[in-house]
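Undergrad: Starting from these lines, generate the structure:
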Amino acid sequence: MQKNVDVLVIGAGPSGSIAAAILHKAGLKVQVVEKMTFPRFVIGESLLPRCMEALEEAELLDAVKAKNFQQKDGAKFVMNDQICDFNFSQQFTDGWRWTWQVPRAEFDKVLADEIVRKGVDIAYQTEVTDVQIFDDHSITTVKTADGSEEKIQARFIIDGSGYGRVIPTLFGLNRESTQAPRRAVFCHITDPKRSEAFEPNRIIIYVHDPKTWIWVIPFSNGNTSVGYVGDPEFFEKYESEDMATMYRKLLAAQPELKDRFGDSELAWEQPRTLQSWSSTTDTFYGKGFVLTGNVTEFLDPVFSSGVTLASVSAQMAANLVIRHLKGEEIDWENDYMKKMQLGVDVFRTYVNGWYDGTLFKVFFAENRNPDIMAQICSVLAGYVWDENNPFVKNHEKNVRTLARYLDTQQTNA
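TA: Residues are numbered from 1 along each chain as shown. From the prediction side, this is the model:
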């Protein structure tokens, strides 16, 4: 069997769903193929305000709003008795001032169900096994849920397959990331002691030790996602045959979490673990295809950049594909890859600055300049393409110069 479409989208996560919605709105025939069935668990539960612009253009906001997910207005960083509190209402860049914290299984299904309601076909349990690119079309071979083989002819392919990395794997484009290997151990747990004092409308990041941090992400369903991230060696002293026992030991090792979650029940039978998740590729595009989301590059969960990069890359790629299929000449290098690389590189500066301690000197300084913190807040809100922001345009230089200055001020105080 062979199906003919304008655009084949690989992956039905946020990147694939947003791209498919924008393409469909433009009148193109779109086929989405997804290896898994939905709902399915995936990490990346704290969105950033920049995501909202992509959801809005894709006309998916109303469907998400109807689910009453937990509103997120900012991010709080805690190290011992020091606190750095970012509120998105104070950011430098004009844009959305809030977003959501979401159980991703439910969030991703909302997006996928909404594009199906709009008329986009999603084939679940459908795995891409081969892609052949020709001058004006591609032929993709897929294995369907019943084990049969089908062909899909498309004028263009958007690969939003996330960690599946379909086209980079098939075309030999995968490359090792420069990020250090890290491990996460996490679970959804009940939160009976939650109150306004714990501010459910924001993510809280605890610095457990210089190289280990903890996320606390409250959901509107009463559960909270709590995860430890650090070097793999950190977890060795907590190792146990039973993941639940290991997780309880981790919670008990952080005083705030011990007090808040000591009597909590695990929402899952066992906590989960991820390790060495960072990945990259040679190029974000090629003849007849473009990569979006985690297929381009995934850095680290510390600043919740994953869904933002997935959403914005899908938004950007879909609009370029629409123009391409109308016959326009697209400069994929400058109009897509370099723009996306800017966002990735800005986030990379902040991720690296977190793990090497540079950002600790900024976040927990005694005399923080409100204007500078507003500019950094915009980065943490996902506005990493706003080159009017000095902490985007000259991100590496300005972050490290500021840290050195504040460190000197602290030493001389």
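Undergrad: Break down the stretch 151-300 of the chain into its helices, ranges please.
TA: With helices called from DSSP state H, counting those that start in this stretch, the stretch 151-300 of the chain shows them at 166-170, 243-252, 255-261.
Undergrad: deepest of these, which one?
TA: With neighbours taken as mean count of other CB atoms under 10 Å, those reach their highest mean count in helix 166-170, at a mean of 20. Where you see a C-beta, it was placed from the backbone N, CA and C, and this is true even at glycine.
Undergrad: and that one, average pLDDT?
TA: On average, the pLDDT along helix 166-170 is 94.
Undergrad: what's the answer for stretch 88-99, then?
TA: The average of the pLDDT scores along stretch 88-99 is 98.
Undergrad: Could you do stretch 375-391 as well?
TA: 98.
Undergrad: which residues touch it?
TA: Stretch 375-391 has contacts (CB atoms under 8 Å, 6 or more residues apart in numbering) with 48-51, 74-75, 86-88, 90-93, 95-96, 303, 305, 308, 312, 339, 342-343, 346-347, 350, 362, 372, 392-393, 395, 398-399.
Undergrad: Stretch 263-280: end-to-end distance?
TA: 40 Å (CA to CA, to the nearest Å).
Undergrad: count of neighbours near Asp135?
TA: 6 (other CB atoms under 10 Å).
Undergrad: ok but it is inside a helix, no?
TA: No. Membership of Asp135 in a helix is not supported by DSSP: H, G, I helix; E, B strand; the rest coil, which gives coil.
Undergrad: Quick one: distance of the lowest-mean-pLDDT helix or strand in the chain to the chain centre.
TA: The helix or strand of the chain with the lowest confidence, counting by mean pLDDT, DSSP states H and E, is strand 280-281 at a mean of 80. Distance, stretch centre to chain centre, for strand 280-281: 16 Å (CA atoms, centre = their mean, to the nearest Å).
Undergrad: What helix or strand is Arg32 located in?
TA: Let me fix one detail, which is that residue 32 is Val and not Arg. strand 30-33 (DSSP states H and E).
Undergrad: same for that strand, what does it pack against?
TA: strand 2-10, helix 14-25, strand 121-123, strand 149-159 (3 or more CB pairs under 8 Å, 6 or more residues apart in numbering; DSSP states H and E).
Undergrad: For Thr129, find the nearest of those.
TA: Evaluated over those, closeness to Thr129 peaks at strand 149-159, with 7.7 Å, by CB to CB.
Undergrad: Report the inter-axis angle for that closest one versus strand 2-10.
TA: 40 degrees (axes from the mean of the first three to the mean of the last three CA atoms, to 10 degrees).
Undergrad: Quick check: buried residues in strand 149-159?
TA: Going by neighbour count (16 or more other CB atoms under 10 Å), the buried part of strand 149-159 is Ile152, Ala154, Arg155, Phe156, Ile157, Ile158, Asp159.
Undergrad: What of stretch 384-400?
TA: Per 16+ other CB under 10 Å, stretch 384-400 contains these buried residues: Val384, Trp385, Asp386, Asn389, Phe391, Val392, His395, Asn398, Val399, Arg400.
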